[in-house]
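1. sequence-free structure coming up:
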């Protein structure tokens, strides 16, 4: 079973930065595509960014392009989300997700992801 544990959330002022980390407890981390999703109160869960198993393909929601960067370290079983120039509308619970996939295709459709973390709160004050 895959367990995902997010960390790095918190309270930050608008324009600030945070780096989220997601540690996976699985031997074959390199066989999983990874995604970061977020859910704000009263809204549906949405893709933030996703990355394929090798890190060679990425996908971003339009609203975070140029501000957020997803990356992974397969030797450390960890995926990261560097968030810069944060805005109040980025406030949400951020979830890490894993999907068994060894292709270059990256999907942003949440039901495609089999494993989910418990989430970490990111709050951006204006």
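-> Structure's in. What do you need? These numbers were taken from a predicted model, which means no experiment stands behind them.
2. show me where this protein has strands.
-> Ranges of strands in the chain, per DSSP state E, are 3-7, 10-13, 18-25, 32-39, 46-51, 58-60, 68-73, 78-83, 92-100, 115-116, 120-125.
3. deepest of those, which one?
-> Highest mean neighbour count among the strands of the chain (mean count of other CB atoms under 10 Å): strand 32-39, with a mean of 25. Placement of C-beta: from N, CA and C, glycine included.
4. run through the bridge partners of the residue most central in space within the chain.
-> The centre of the chain sits closest to residue 36, judged by CA atoms, centre = their mean, with a distance of 2.1 Å. The bridge-partner assignment for residue 36, based on DSSP bridges, gives residue 49, residue 96.
5. which residues sit in contact with it?
-> Remark: with contacts taken as CB atoms under 8 Å, 6 or more residues apart in numbering, residue 36 is in contact with 20, 22, 47-50, 70, 79, 81, 94-97.
6. got it, and residue 26?
-> By CB under 8 Å, 6+ apart, the contact list for residue 26 reads 2, 3, 32, 77, 98.
7. can you redo these as a markdown table with distance to residue 89 and pLDDT?
-> Rendered in a markdown table, the data for those read as follows (distance: CB to CB, whole Å; pLDDT from 0 to 100):
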| residue | distance to residue 89 | pLDDT |
| --- | --- | --- |
| 2 | 30 | 91 |
| 3 | 30 | 96 |
| 32 | 29 | 95 |
| 77 | 31 | 97 |
| 98 | 26 | 97 |
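8. of those residues, closest to residue 86?
-> Using CB to CB, residue 98 comes nearest to residue 86 of these, at 24.8 Å.
9. hmm, the closest one is touching residue 115, no?
-> Yes: applying CB atoms under 8 Å, one finds residue 98 in contact with residue 115, separated by 4.3 Å.
10. distance check, residue 11 against residue 120.
-> 12 Å (CB to CB, to the nearest Å).
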